[in-house]
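Q: Quick one, fold the following:
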Amino acid sequence: MSDLSALSTWLGPLLAGLSAPRQRAAMVEVSTYLRRSQAERIGAQLNPDGTAYEPRKPRLRRKKGAIRRKMFEKLRTAKYLRKAATATTATITIGGRTARIARVHQYGLRDKVDWRRPASPEVRYPRRELLGFTAADEAAITDIVLRHITVGG
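A: Residues are numbered from 1 along each chain as shown. Take a look at the predicted model:
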(Lines give C-alpha, C1' and ligand atoms only; values in the text may rest on other atoms or scores of the structure.)
Protein backbone atom coordinates (compact mmCIF):
# COMPACT_ATOMS: atom_id res chain seq x y z
CA MET A 1 0.00 0.00 0.00
CA SER A 2 1.36 3.39 -0.97
CA ASP A 3 1.97 6.22 1.48
CA LEU A 4 0.03 9.33 0.49
CA SER A 5 1.64 11.69 3.00
CA ALA A 6 3.92 13.27 0.35
CA LEU A 7 0.94 13.77 -1.95
CA SER A 8 -1.07 15.23 0.93
CA THR A 9 1.61 17.73 1.91
CA TRP A 10 2.04 18.82 -1.71
CA LEU A 11 -1.66 19.14 -2.61
CA GLY A 12 -2.92 20.40 0.78
CA PRO A 13 -1.81 24.03 0.36
CA LEU A 14 -3.08 24.08 -3.22
CA LEU A 15 -6.53 22.89 -2.13
CA ALA A 16 -6.58 25.42 0.71
CA GLY A 17 -6.62 28.19 -1.90
CA LEU A 18 -9.97 27.00 -3.26
CA SER A 19 -13.37 27.93 -1.91
CA ALA A 20 -15.15 25.31 0.22
CA PRO A 21 -17.66 24.30 -2.51
CA ARG A 22 -14.84 23.83 -5.05
CA GLN A 23 -12.81 21.83 -2.51
CA ARG A 24 -15.80 19.60 -1.88
CA ALA A 25 -16.39 19.15 -5.63
CA ALA A 26 -12.77 18.05 -6.04
CA MET A 27 -13.05 15.61 -3.13
CA VAL A 28 -16.31 14.16 -4.50
CA GLU A 29 -14.58 13.50 -7.82
CA VAL A 30 -11.57 11.95 -6.04
CA SER A 31 -13.81 9.65 -3.96
CA THR A 32 -15.79 8.62 -7.05
CA TYR A 33 -12.58 7.82 -8.91
CA LEU A 34 -11.20 5.85 -5.95
CA ARG A 35 -14.36 3.77 -5.56
CA ARG A 36 -14.30 2.89 -9.24
CA SER A 37 -10.58 2.05 -9.28
CA GLN A 38 -10.78 -0.03 -6.08
CA ALA A 39 -13.78 -1.96 -7.47
CA GLU A 40 -11.93 -2.67 -10.73
CA ARG A 41 -8.82 -3.83 -8.87
CA ILE A 42 -10.87 -6.08 -6.55
CA GLY A 43 -12.61 -7.51 -9.62
CA ALA A 44 -9.24 -8.24 -11.19
CA GLN A 45 -8.22 -9.98 -7.92
CA LEU A 46 -5.07 -7.84 -7.51
CA ASN A 47 -3.31 -6.33 -4.50
CA PRO A 48 -2.32 -2.64 -4.80
CA ASP A 49 1.26 -3.66 -5.62
CA GLY A 50 0.01 -5.61 -8.66
CA THR A 51 0.38 -9.14 -7.29
CA ALA A 52 -2.54 -11.54 -7.55
CA TYR A 53 -4.60 -12.50 -4.51
CA GLU A 54 -3.68 -15.83 -3.00
CA PRO A 55 -6.29 -18.24 -4.38
CA ARG A 56 -8.87 -19.92 -2.21
CA LYS A 57 -8.10 -23.34 -0.85
CA PRO A 58 -9.79 -26.14 -2.81
CA ARG A 59 -12.84 -27.51 -1.08
CA LEU A 60 -13.12 -31.16 -0.19
CA ARG A 61 -16.71 -31.52 -1.30
CA ARG A 62 -18.19 -29.36 -4.00
CA LYS A 63 -21.81 -29.58 -5.04
CA LYS A 64 -22.19 -30.64 -8.61
CA GLY A 65 -23.15 -27.71 -10.81
CA ALA A 66 -22.42 -25.12 -8.12
CA ILE A 67 -21.84 -21.61 -9.39
CA ARG A 68 -18.30 -20.38 -8.69
CA ARG A 69 -17.86 -16.69 -8.12
CA LYS A 70 -14.75 -14.61 -7.75
CA MET A 71 -13.86 -13.60 -4.23
CA PHE A 72 -15.42 -10.35 -3.04
CA GLU A 73 -17.73 -10.03 -6.05
CA LYS A 74 -20.54 -8.41 -4.07
CA LEU A 75 -18.09 -6.26 -2.13
CA ARG A 76 -17.39 -4.29 -5.32
CA THR A 77 -20.92 -2.88 -5.42
CA ALA A 78 -21.80 0.61 -4.21
CA LYS A 79 -23.89 -0.95 -1.44
CA TYR A 80 -20.76 -2.16 0.34
CA LEU A 81 -17.92 -0.07 -1.12
CA ARG A 82 -19.05 3.34 0.06
CA LYS A 83 -17.66 6.76 -0.71
CA ALA A 84 -17.89 9.97 1.29
CA ALA A 85 -16.45 13.43 0.73
CA THR A 86 -16.18 16.68 2.63
CA ALA A 87 -14.30 19.85 1.73
CA THR A 88 -11.11 18.38 3.21
CA THR A 89 -11.39 14.59 2.82
CA ALA A 90 -12.31 11.89 0.35
CA THR A 91 -13.07 8.53 1.98
CA ILE A 92 -13.72 5.00 0.72
CA THR A 93 -15.01 2.50 3.29
CA ILE A 94 -16.45 -0.98 3.33
CA GLY A 95 -19.76 -0.86 5.13
CA GLY A 96 -22.15 -3.16 6.86
CA ARG A 97 -21.45 -6.64 8.17
CA THR A 98 -19.00 -7.25 5.36
CA ALA A 99 -16.53 -4.84 6.96
CA ARG A 100 -15.56 -7.59 9.41
CA ILE A 101 -14.79 -10.06 6.62
CA ALA A 102 -12.94 -7.39 4.65
CA ARG A 103 -10.79 -6.49 7.67
CA VAL A 104 -9.78 -10.13 8.16
CA HIS A 105 -8.66 -10.41 4.53
CA GLN A 106 -7.09 -6.92 4.36
CA TYR A 107 -4.70 -7.67 7.23
CA GLY A 108 -4.47 -11.48 7.02
CA LEU A 109 -6.00 -12.12 10.45
CA ARG A 110 -7.30 -15.28 12.15
CA ASP A 111 -11.06 -15.85 12.16
CA LYS A 112 -13.62 -18.61 12.46
CA VAL A 113 -14.64 -20.24 9.20
CA ASP A 114 -18.32 -19.75 10.10
CA TRP A 115 -18.57 -17.03 12.73
CA ARG A 116 -22.20 -17.95 13.47
CA ARG A 117 -21.21 -21.38 14.82
CA PRO A 118 -19.19 -21.48 18.06
CA ALA A 119 -17.62 -24.87 17.21
CA SER A 120 -16.33 -23.66 13.84
CA PRO A 121 -12.57 -24.03 13.30
CA GLU A 122 -10.33 -20.96 13.38
CA VAL A 123 -8.14 -20.28 10.35
CA ARG A 124 -5.49 -17.69 9.42
CA TYR A 125 -6.64 -16.09 6.18
CA PRO A 126 -4.04 -14.97 3.63
CA ARG A 127 -3.51 -11.26 3.23
CA ARG A 128 -5.58 -9.88 0.36
CA GLU A 129 -5.45 -6.09 0.31
CA LEU A 130 -8.88 -4.88 -0.71
CA LEU A 131 -8.28 -1.17 -0.22
CA GLY A 132 -5.02 0.51 -1.14
CA PHE A 133 -3.44 3.01 -3.47
CA THR A 134 -1.51 2.26 -6.63
CA ALA A 135 0.87 4.62 -8.44
CA ALA A 136 -1.89 5.16 -11.03
CA ASP A 137 -4.27 6.22 -8.24
CA GLU A 138 -1.77 8.81 -6.98
CA ALA A 139 -1.33 10.21 -10.49
CA ALA A 140 -5.10 10.34 -11.08
CA ILE A 141 -5.73 12.08 -7.74
CA THR A 142 -3.07 14.66 -8.62
CA ASP A 143 -4.65 15.23 -12.04
CA ILE A 144 -8.14 15.62 -10.58
CA VAL A 145 -7.04 18.15 -7.97
CA LEU A 146 -4.88 20.13 -10.43
CA ARG A 147 -7.78 20.26 -12.90
CA HIS A 148 -10.04 21.68 -10.20
CA ILE A 149 -7.42 24.26 -9.26
CA THR A 150 -6.63 25.44 -12.81
CA VAL A 151 -10.00 25.11 -14.55
CA GLY A 152 -12.34 25.36 -11.61
CA GLY A 153 -13.94 21.94 -11.95
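
Q: Tell me, how many residues neighbour Gln23?
A: A count of neighbours around Gln23, defined by other CB atoms under 10 Å, yields 21. Placement of C-beta: from N, CA and C, glycine included.

Q: That one: which element?
A: If you go by DSSP states H and E, Gln23 is part of helix 20-43.

Q: helices or strands up against that helix?
A: Other helices and strands packing on helix 20-43, by 3 or more CB pairs under 8 Å, 6 or more residues apart in numbering; DSSP states H and E, are strand 81-85, strand 90-94, helix 135-150.

Q: closest to Tyr33 out of these?
A: helix 135-150 (5.7 Å; CB to CB).

Q: what's that closest one in contact with?
A: Under the criterion CB atoms under 8 Å, 6 or more residues apart in numbering, residues 2, 4, 7, 11, 14-15, 17-18, 22, 25-26, 29-30, 33-34, 37, 153 lie in contact with helix 135-150.

Q: What subset of those is buried?
A: Burial by neighbour count, 16 or more other CB atoms under 10 Å: within the contacts of helix 135-150 this picks out Leu7, Leu11, Leu15, Leu18, Arg22, Ala25, Ala26, Glu29, Val30, Tyr33, Leu34, Ser37.

Q: how about JSON lines for those residues, with pLDDT added?
A: As requested, the buried ones among the contacts of helix 135-150 are arranged in JSON lines below (pLDDT from 0 to 100):
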{"residue": "Leu7", "pLDDT": "79"}
{"residue": "Leu11", "pLDDT": "82"}
{"residue": "Leu15", "pLDDT": "84"}
{"residue": "Leu18", "pLDDT": "87"}
{"residue": "Arg22", "pLDDT": "91"}
{"residue": "Ala25", "pLDDT": "93"}
{"residue": "Ala26", "pLDDT": "92"}
{"residue": "Glu29", "pLDDT": "95"}
{"residue": "Val30", "pLDDT": "94"}
{"residue": "Tyr33", "pLDDT": "96"}
{"residue": "Leu34", "pLDDT": "95"}
{"residue": "Ser37", "pLDDT": "96"}
